[in-house]
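K.L.:
Can you look at this prediction? I've put the sequence above it.
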Amino acid sequence: QVQLVESGGGLVQAGGSLRLSCAASGRTFSRNTMAWFRQAPGKEREFVAAITWSGNAYTSDLVKARFTISRDNVKNTIYLQMNSLKPEDAAVYYCAATNKGFSVNSPFYDYWGQGTQVTVSS
């Protein structure tokens, strides 16, 4: 089992920045691919970014120029630095983990956090 706890969400004005964190505990963290997904009201959950255990990062084209994913295997934590936020970035952001490799599809991931709300005012 892997337990994931997100933090860092909140209310920010358009153009502002937030850094989300996801702390993992349980099974060996360093061998997991960790990912961020988001889900806005009435919309499907969508891939944002992922980072493999070796540090290879993948970011959605929608946010690639503004968001950066990173991980600290000593702290068992991943981060999502979000800059130049737009109202359309508002959503619940979820952290996910799997040891099966990489995918942009949410069902591929085995473990999920509870989510953290990001609200962007225009």
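P.N.:
Received the coordinates, thanks.

K.L.:
just for the protein, where's the confidence low?
P.N.:
28-30 (pLDDT under 70).

K.L.:
For the residue nearest the centre of the chain, list each beta-bridge partner.
P.N.:
Centroid check for the chain by CA atoms, centre = their mean gives Trp36 as the closest residue, at 2.2 Å. The partner list for Trp36 in beta bridges (DSSP bridges) reads Ala49, Cys95.

K.L.:
May I see the buried residues of stretch 33-48?
P.N.:
Residues of stretch 33-48 classed as buried: Thr33, Met34, Ala35, Trp36, Phe37, Arg38, Arg45, Phe47, Val48 (neighbour count, 16 or more other CB atoms under 10 Å). (Each C-beta comes from the backbone N, C-alpha and C, glycine too.)

K.L.:
Show the contacting residues for Arg38.
P.N.:
Arg45, Glu46, Val48, Asp89, Ala91, Val92, Tyr93, Tyr94, Val118 (CB atoms under 8 Å, 6 or more residues apart in numbering).

K.L.:
Export those to CSV and append columns for distance to Ser106 and secondary structure.
P.N.:
Below are the contacts of Arg38 laid out as CSV (distance: CB to CB, whole Å; DSSP: H, G, I helix; E, B strand; the rest coil):
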residue, distance to Ser106, secondary structure
Arg45, 5, coil
Glu46, 8, strand
Val48, 11, strand
Asp89, 18, helix
Ala91, 13, strand
Val92, 13, strand
Tyr93, 13, strand
Tyr94, 8, strand
Val118, 17, strand
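
K.L.:
I'm done for today, thanks for sticking with me.
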